[in-house]
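Novice: sequence and predicted structure below; questions after.
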Amino acid sequence: MKKGIKQAGVATLAVIASTGIARAADAPSVEELDQRIKVLERQLELQAEDAATKAKDATTASASDKGFSLKKGDYELKIKGLVQADLRYFLDDFNPTRKAAPVESDRFNDTILFRRIRPTFEGSLGKLVGFRLTPEFAGDSATIVDAYLDAKFDPAYTLRVGKVKGPVALERLQSGGSTNFIERGFPTELAPNRDLGVQLQGDLFNSTLNYTLGYYNGTADGRDATSSDGDSRKEIGARLFAEPFKNSPGILQGLGFGIGSTFGSKEQGEANSGVAATTNNFLPRYRTPGQNVFFQYNTARAAAAAAIGHTGIYADGDHVRISPQVYWYYNNLGLIAEYIRSEQEVSAGVLAAGAAASTRATSTVTESFTNDAWQVSASWVITGEDASFRGVAKPKNAYTPGGPGWGAFELAARYGELDIDDDVFNAIPGTAGGAANSFANPNSAASEAKSYGVGVNWYLTSNLKTQLNYTNTSFEGGAAGGQDREDEKTIFARFQVAF
Amino acid sequence: MKLKAIIAAAALAAPLFAHAASIELLNVSYDPTRELYKEINAKFAEQWKAKNGDTVTIKQSHGGSGKQARAIIDGLEADVATLALAGDTDSVAKNAKLIPADWQKRLPNNSSPYTSTIVFLVRKGNPKKIKDWNDLVKPGVSVITPNPKTSGGARWNYLAAYAYALKNNGNSDAKAQEFVKGLFKNAPVLDTGARGSTTTFVQRGIGDVLLAWENEAFLSIEEFGTDKFEIVVPSLSILAEPAVTVVDKIADKHGTRKVAEAYLNFLYTDEGQQIIGKNHYRPSNPAVAAKFASKYPKLNLVTIADFGGWAKAQQVHFADGGIFDQIYQK
C-alpha cells in the first residue's frame, strides 16, 4: 500500500513537473512579450494617425442650439433660423374714419403678425470664400434680406459683396433677434437699413478695432436699397468701432465705441409729381417704435392749374449721415447709446404764377434739412447671466417643463428722441405757402417724437425667447391744425425662436 | 501732366519688378526622399537664382507613393511629381488627366534619374540569421514592411519577394502567392509609407527585419550607427525605378512649367547626380554611378518588365480584389 502511494506520488510529481516544463516551454519570452507590446503600441499609434487623417477628410454633421451644419475641412454649410411672432396692441387708438364719432371699442392697428421668418444659409467654400443668404418669408411676399459673398483674405481684410447692413447705426447692426426691445429705436430710422454694395472690413490690433469701408447704391433713411440704383448716385459708408479692453478682463472689457458715417448724393429727378410718399425710395418716412409713420416729406403735391405750379419734394443733392455710438456690457448689465444726424438736400419745383399746370418746374428751390435722433437703452439680466450685444447667449437654468429651471429674465428700459428740422415745415419760397406748399405738411407730419419704453425679456432656453414691451411716444405737431398728435401707447409681445 | 509722369515712372520701374520674381513649386514625392530633395532643392534654387535672378521656393510633400498619387488626383496642386513608381504616376495620368499618357518618354531613362533596390535591414549581429527571402517566412521572424496598397516601396518589396518565390518554385504562381502570404503573415504592422516602416523598425524597436529601400537602409545606418543595424543583401531583388514628371496642367496653371522642367532636368546634371549618389540612390549617369559603385553591392535584379509592366502588375497584384487582397488577411 505504502509502495503504491509512493509510486502514485512520484507519478503525480512527474506529471506536475512535466506540465511545468511544458508550460515554461510554451510561455513567450520577455523579448517576445516586449515585441507584442511594442507592436500593439505601434498599431494604436497608426490607428490614431489614420483616424486623424480620416477625421480631417470626413464630413461631419452637427446640430446644436446654434443651428445645423455640414462640414468637411474648410467647406461648411450652416443652417440657421429666426422666427418672430408678435402680438401688437395700441392703447387708446381707434379709427377716426370708421365712424363719425368713434368709441374706444373701434380699435385700430391691433394685430398679430409674423415680424420675421428668416432661414439663413451661410458657410464657406474653402478658406477664401464665405457666403450668406437670408430670405424673408414674413410679410405678403418673400424677399431677400441678406445675400453676400466674402473673400476672406485675412481677418484684417475681408471683401464683402452683396446686400448688407449699412455700416452706420449701432442698434441697426445688432441682430434682429438680439435687441432689447421688440422694435429698434429712433436712430435706426435715420440710418441706412440694408444696401447693395461692396465693402472692405476687418479686425485689427487683436480684434480691438473693427473697421468697414464700403461703396453702395445708397438708401433712404431707415430703408432697404432697391434691387437696382434708380439714380446712379452712390454712397460711401464707413465705420470704426473700438473695443480697446476687449482682451483685458475687467470692468471695461465690454466697452465699445465708435462712429459710423455715410456720404453721397441722391438725384431723384423732379418729374415725380404724384409719387406717393409710401413708394418713394429716395426720401425717408420716419416711424415710431410702434412702426407707424409720423413724418414724411410732402412728396405728392398735386399740380393745380389755378395755383402756382410745382413738383413734389424730391431728393436732390448731398446726403450725409454721422453716428457716434457706444455700448458697455459688464456682467449682467448692458447699455447702448447712440446719436445720429442725417442731413439731406431736397428740392421743390416751382412754376411761375399763372403758368399751365405741369410736372416740370420753371425754377427749383433746394434746401438742406438736418434731422437728429438719439437713444439710450439699458438692460439688466436679473437672473445673473451675462448681458451682451447678442443678448443672453444661454440661460444658466434653461426652462424645462416640470423641471426646476425657469430660464433667464432681463429687464430693459429705453428713452429716445427724433427731431425733425423745423425749417421743413416752412413755406416753399416762391409759393403761396400753407400746408400744401411746405416741404412737409405740419398737419400730418410731426416735428418731434419722444419715446420711452420698458420691457421684460424671458429667455426660456438659448433658442426660445419671449418679450413684453410697453412704449409711449409723444409728438410735437403732426395733427390737424398744427395740434400735437395723440401719444402712441403700445403693448407688444413677441414669441421668438432662433437657432 | 502728373498722371503722365506717374505712368512713365511705372513703366520704367516695371522691368525692375519683373526681375524680382518669386516662384514656388510643389514637389509631391514618396516617403524616403525628404533628405534627397531638401538638398536638391537648395542647390537648384541657388543655381536658378544665379542664372535668372528669380527666387525659387520648392515645397515638399511626402507620403506613401500611392497615397500621394491619390492626393494629386484629388486636387493637391503638384507642379512636379516624383513618385516611387511609374505606376502611381500612370494613375495620375489616367484618372486626373493632368499629364499625358506618354509622360515617361519625356526625360532620359524612362524619366528615372536614379534607381534603387530593396534590401534587408536587420539588427546588429543579425540575431535571426536572416540571409535571404526564404528566411522571412519562417515562424518567429517578424518582418516590417509598409502596406502595398498605399506605399510604392511596399510594392517593390512585394514584387521582389514574389520574383524570388517564382524563381525558386519553377515559376509557380500558386507557390509564389503562398510564399508572399507567409511573408505578410509575419508582418505585424503595415505602415502607410516606407518612412513609417523605418520608424517602426528603427525607432520603435519592432521586428527582426525591415524590407527597405536601399537608400533608406543606408540612411538608417548613417543616422543610428553601424553598431545598431546591418544590411543584408538578398540573393535576388528588384530594380526600383522611381520616375519624375512635370504635372502639366498644374504647372501651366501656375505658370511654373519652365522652372519645373529645369528642376527635373537638374536631377540629370552631374551636380544633381552627385547629390543623388550622396543620398544613397544609384545615379543613372554611368560616370557618376561609377564613383559610388563601391558602395553598392552587385545584385541579381529583376525589373518591372518581368511582371509585364506597371499597368499589369498593378492590376494583377495590387488592384482591389487583386492577389495582395486575396492573400493578406488580418
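Specialist: Thanks, I have it. Computed from a prediction, not measured in an experiment: that's the story for all the values here.
Novice: all contacts plus neighbour counts: C-alpha atoms, from now on.
Specialist: Noted.
Novice: where does the record place the domain boundaries for chain B?
Specialist: B:2-112+B:242-268, B:115-240+B:299-327 (automatic domain parsing).
Novice: does any part of the longest one sit near chain A?
Specialist: Yes: on the criterion Cα under 8 Å from any Cα of the partner chain, domain B:115-240+B:299-327 is in touch with chain A at B:188-189, B:191, B:200, B:204-207.
Novice: so which of those is the closest to residue B:279?
Specialist: In terms of Cα to Cα, no member of the residues of domain B:115-240+B:299-327 next to chain A lies closer to residue B:279 than residue B:200, at 21.4 Å.
Novice: wait, what's in contact with that closest one?
Specialist: A:42, B:144, B:206 (Cα atoms under 8 Å, 6 or more residues apart in numbering or on different chains).
Novice: export the residues you listed as JSON lines, with columns for pLDDT.
Specialist: Shown next, in JSON lines, are the contacts of residue B:200 (pLDDT from 0 to 100):
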{"residue": "A:42", "pLDDT": "87"}
{"residue": "B:144", "pLDDT": "96"}
{"residue": "B:206", "pLDDT": "94"}
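Novice: between those residues, identify the one with the most neighbours.
Specialist: residue B:144 (29 neighbours; other Cα atoms under 10 Å in any protein chain shown).
Novice: pretty sure it sits against residue B:204.
Specialist: No: judged on Cα atoms under 8 Å, residue B:144 makes no contact with residue B:204 at a distance of 11.4 Å.
Novice: against chain B, how distant is the residue nearest to residue A:485 when sequence neighbours are not counted?
Specialist: Leaving aside its sequence neighbours, residue A:485 sits nearest to residue A:479 (Cα to Cα, 6 or more residues apart in numbering or on different chains; 5.0 Å). From residue A:479 across to chain B, the span is 59 Å (Cα to the nearest Cα, to the nearest Å).
Novice: read off the pLDDT value for residue A:479.
Specialist: Listed pLDDT for residue A:479 reads 89.
Novice: what is the neighbour count of it?
Specialist: That count, for residue A:479 with other Cα under 10 Å as the rule, works out to 18.
Novice: what do you get for residue B:127?
Specialist: By the measure other Cα under 10 Å, the count of residues near residue B:127 is 9.
Novice: find the residue closest to it in space, skipping its chain neighbours.
Specialist: The nearest residue in space to residue B:127 (Cα to Cα, 6+ apart) is residue B:208, at 8.0 Å.
Novice: OK, contacts around that neighbour?
Specialist: Residue B:208 touches B:122-123, B:127-128, B:141-144, B:201, counting by Cα under 8 Å, 6+ apart.
Novice: ok, those residues vs chain A, which is closest?
Specialist: Distance to chain A across these (Cα to the nearest Cα) is lowest for residue B:142, with 9.3 Å.
Novice: just the C-alpha atoms of stretch B:200-207, please, in CSV.
Specialist: In CSV, the C-alpha atoms belonging to stretch B:200-207 read as follows (Å, rounded to 0.1, in the frame of the first residue of the first chain):
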residue,chain,number,x,y,z
THR,B,200,8.5,51.2,-36.7
PHE,B,201,11.7,49.2,-37.1
VAL,B,202,14.4,51.6,-36.1
GLN,B,203,12.9,53.9,-33.6
ARG,B,204,10.1,51.7,-32.1
GLY,B,205,12.3,48.6,-32.0
ILE,B,206,9.7,46.4,-33.6
GLY,B,207,10.6,43.4,-35.8
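Novice: run the chain-centre distance for stretch B:211-219.
Specialist: 11 Å (Cα atoms, centre = their mean, to the nearest Å).
Novice: with only the CA atoms kept, save that stretch in PDB.
Specialist: The C-alpha trace of stretch B:211-219 is given here as PDB (Å, rounded to 0.1, in the frame of the first residue of the first chain):
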ATOM      1  CA  LEU B 211      12.300  45.400 -46.000                       C
ATOM      2  CA  ALA B 212      13.800  48.700 -47.000                       C
ATOM      3  CA  TRP B 213      14.700  50.900 -49.900                       C
ATOM      4  CA  GLU B 214      18.500  50.600 -50.200                       C
ATOM      5  CA  ASN B 215      18.800  54.300 -49.600                       C
ATOM      6  CA  GLU B 216      16.700  54.100 -46.500                       C
ATOM      7  CA  ALA B 217      18.800  51.300 -45.200                       C
ATOM      8  CA  PHE B 218      22.000  53.300 -45.700                       C
ATOM      9  CA  LEU B 219      20.400  56.300 -44.100                       C
END
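Novice: just for chain A, where's the confidence low?
Specialist: Within chain A, the ranges that satisfy pLDDT under 70 run A:1-26, A:94-107, A:270-279, A:299-310, A:352-362.
Novice: so after the longest helix anywhere in it, what's the next helix or strand?
Specialist: Longest helix in chain A by number of residues, with DSSP state H as the criterion: helix A:30-57. The helix or strand immediately downstream of helix A:30-57 is strand A:60-64, counting by DSSP states H and E.
Novice: what sits closest to residue A:115 if chain neighbours are left out?
Specialist: residue A:84 (5.4 Å).
Novice: okay, now that neighbour: neighbour count?
Specialist: Neighbours of residue A:84 under the rule other Cα under 10 Å: 21.
Novice: how near is it to residue A:494?
Specialist: Distance, residue A:84 to residue A:494, using Cα to Cα, to the nearest Å: 7 Å.
Novice: and for residue A:369?
Specialist: Residue A:369 is 36 Å from residue A:494, by Cα to Cα.
Novice: the more surrounded of those two?
Specialist: The neighbour count for residue A:369 versus residue A:494, taken as other Cα under 10 Å, is higher for residue A:494 (23 against 17).
Novice: does the more buried one touch residue A:470 like I think?
Specialist: No: Residue A:494 sits out of contact with residue A:470 when judged by Cα under 8 Å, with a separation of 12.0 Å.
Novice: chain center to stretch A:137-152, what's the gap?
Specialist: 12 Å.
Novice: with stretch B:231-238 instead?
Specialist: 18 Å.
Novice: what does stretch A:437-451 give?
Specialist: Worked out by Cα atoms, centre = their mean, stretch A:437-451 lies 28 Å from the chain centre.
Novice: now do stretch A:49-66
Specialist: On Cα atoms, centre = their mean, the centre of stretch A:49-66 falls 31 Å from that of its chain.
Novice: what about it, how long is it end to end?
Specialist: Stretch A:49-66 has an end-to-end distance of 31 Å (criterion: Cα to Cα).
Novice: report the separation between the residue nearest the centre of chain A and chain B.
Specialist: Per Cα atoms, centre = their mean, the C-alpha nearest to the average position across chain A is that of residue A:175, at 2.8 Å. As judged by Cα to the nearest Cα, residue A:175 and chain B stand 39 Å apart.
Novice: same check on residue A:402?
Specialist: 53 Å.
Novice: I'd guess that residue is in a strand, am I close?
Specialist: No: counting by DSSP: H, G, I helix; E, B strand; the rest coil, residue A:402 is not part of a strand but coil.
Novice: ok, now which ones touch it?
Specialist: With Cα under 8 Å, 6+ apart, residue A:402 has no contacts at all.
Novice: and the residue nearest to residue A:378 when sequence neighbours are not counted, what element?
Specialist: In this structure, residue A:378 finds its nearest non-sequential neighbour in residue A:335, 4.4 Å apart by Cα to Cα, 6+ apart. For residue A:335, the enclosing helix or strand under DSSP H and E is strand A:333-350.
Novice: other SSEs contacting that strand?
Specialist: helix A:187-190, strand A:310-330, strand A:363-381 (3 or more Cα pairs under 8 Å, 6 or more residues apart in numbering or on different chains; DSSP states H and E).
Novice: pick the most buried one from the ones you listed.
Specialist: Compared across the helices and strands packed on strand A:333-350, helix A:187-190 shows the largest average neighbour count, a mean of 28 (mean count of other Cα atoms under 10 Å in any protein chain shown).
Novice: neighbouring contacts of that helix?
Specialist: A:169, A:171-172, A:221-223, A:284, A:286-287, A:321, A:338-342, A:371-375, A:418.
Novice: contact residues of the stretch 201-350 of chain A facing chain B?
Specialist: Residues of the stretch 201-350 of chain A lying near chain B (Cα under 8 Å from any Cα): none found.
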